[in-house]
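Chemist: Predicted model and sequence below, questions to follow.
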Amino acid sequence: MPESILAPTSITRRRALRGLLGGAVAVAALAALACTPKTEVTVAAPQQTGITVTGSATVAVKPDIARLNIGVQTTEVTVAGARNSAAEAMTKVQAALKQKGIADKDLQTQNLSITPQYANNPGGTGTPTIRGYQVSNQLQVTVRNLDSASEILDAAVAAGGNAVRVNGISFTVDKPEQFLSQAREEAVKNARARAEVLAKAAGVTLGAARAISESTNGSVPPLARTANAGGAMDAATPLNPGEQTLQLTVSVLYDIQ
């Protein structure tokens, strides 16, 4: 029956029903949209193509500085006694080093420790008892004049007496960068030669270098010595700095044509 001849109440009800049905359809559509899986599009980055090689070069140089690890170690019945003995010995060592021209900036404390010393009970039973305390103080000394390194070491050992310990000696180059320019050129040439061999074997033409990175490493076998000096020393301690090998490695990515 046409709406025009229906009673006003019927028309109002029909319109309300249509509104409810429309709202339900909209809600259902929104619910369906919410349940739809999210779609993401990822564009993969283009893969780099080319030949990646490493090249290396080494340069032998004479060390120009020495690092001495000199320490003192004392053992006393009490912590205070051990600390005082170690402090007195280290003060004498540092005074001797400064008399030989070592600057404050070249003296660096590496370690300071206080540890109890235990004694086992008769028969090995029960809890060990503390029989004293040991204090260890280690100092790193940078010697910039290698000709005086032996003299400086002996002076420190004599000053520290029986408490002194020489825990190690190493030689190195203070400013290695000045020696690496030639090694850098040789390493790049070495990398290029390797890349050309690979390109020829693969039947392609080697292009320009696209990326270059480098790393350096210097190593020298340390001359280690442990000393416990007691009494006068008649002969100077021989020290041999030898040579240090500096190594430089480059990684190069070349285009291929």
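Modeler: Good, I have the coordinates. Numbering: from 1, shown residues only.

Chemist: From here on, just use CA atoms for contacts and neighbour counts.
Modeler: Noted.

Chemist: those helices in the stretch 101-250 of the chain, which residues are they?
Modeler: For the stretch 101-250 of the chain, the helices defined by DSSP state H, counting those that start in this stretch occupy 149-160, 180-202.

Chemist: Out of the ones you listed, the one nearest L107 is which?
Modeler: With CA to CA as the measure, helix 149-160 is the member of the helices of the stretch 101-250 of the chain nearest L107 (12.5 Å).

Chemist: For the closest one, list every residue counted as buried.
Modeler: Going by neighbour count (16 or more other CA atoms under 10 Å), the buried part of helix 149-160 is 149, 151-160.

Chemist: In space, what's closest to Q108 - neighbours in sequence excluded?
Modeler: Using CA to CA, 6 or more residues apart in numbering and skipping residues adjacent in sequence, the residue nearest Q108 is Q140, 5.2 Å away.

Chemist: swap that for N190, please
Modeler: N190's closest residue in space is G55 (CA to CA, 6+ apart), at 4.9 Å.

Chemist: Report the separation between that neighbour and N217.
Modeler: Counting by CA to CA, to the nearest Å, the gap from G55 to N217 is 14 Å.

Chemist: of those two, who's got more company?
Modeler: Neighbours were counted for G55 and for N217 using other CA atoms under 10 Å; G55 has more, 21 against 10.

Chemist: check which helix or strand covers the more buried one.
Modeler: Assigned by DSSP states H and E, G55 belongs to strand 51-61.

Chemist: helices and strands around that strand, which ones?
Modeler: Secondary-structure packing of strand 51-61 (3 or more CA pairs under 8 Å, 6 or more residues apart in numbering; DSSP states H and E): helix 180-202, strand 244-256.

Chemist: which neighbours does it have in its sheet, and in what orientation?
Modeler: strand 244-256 (antiparallel) (DSSP bridges).

Chemist: CA atoms only: put the strand it pairs with into PDB for me.
Modeler: The C-alpha coordinates for strand 244-256 follow below in PDB (Å, rounded to 0.1, in the frame of the first residue of the first chain):
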ATOM      1  CA  GLN A 244     107.400  -3.900  15.300                       C
ATOM      2  CA  THR A 245     105.200  -5.000  12.400                       C
ATOM      3  CA  LEU A 246     102.300  -2.700  11.500                       C
ATOM      4  CA  GLN A 247      99.600  -4.400   9.300                       C
ATOM      5  CA  LEU A 248      96.900  -2.600   7.300                       C
ATOM      6  CA  THR A 249      94.000  -4.400   5.600                       C
ATOM      7  CA  VAL A 250      91.500  -2.900   3.200                       C
ATOM      8  CA  SER A 251      88.200  -4.300   1.900                       C
ATOM      9  CA  VAL A 252      87.200  -3.000  -1.600                       C
ATOM     10  CA  LEU A 253      83.900  -3.400  -3.500                       C
ATOM     11  CA  TYR A 254      84.500  -3.100  -7.300                       C
ATOM     12  CA  ASP A 255      81.800  -2.700 -10.000                       C
ATOM     13  CA  ILE A 256      81.800  -5.300 -12.800                       C
END
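
Chemist: any idea which residue sits dead centre in the chain?
Modeler: Nearest to the mean C-alpha position of the chain, counting by CA atoms, centre = their mean, stands N217 at 12.2 Å.

Chemist: Tell me which residues of the strand holding G55 come out buried.
Modeler: 51-59.

Chemist: now that strand and helix 180-202, what's the angle there?
Modeler: 150 degrees (axes from the mean of the first three to the mean of the last three CA atoms, to 10 degrees).

Chemist: So which residues of the chain form strands?
Modeler: Taking DSSP state E to define them, one finds strands in the chain at 51-61, 65-76, 107-119, 129-143, 164-172, 206-219, 244-256.

Chemist: ok, of the ones you listed, where does mean pLDDT dip lowest?
Modeler: Set side by side, these give their lowest mean pLDDT on strand 206-219, at a mean of 85.

Chemist: so who does the residue nearest to S251 when sequence neighbours are not counted touch?
Modeler: Among residues not flanking S251 along the chain, T54 sits closest, at 4.3 Å (CA to CA, 6+ apart). Residues near T54 by CA atoms under 8 Å, 6 or more residues apart in numbering: 190-191, 249-252.
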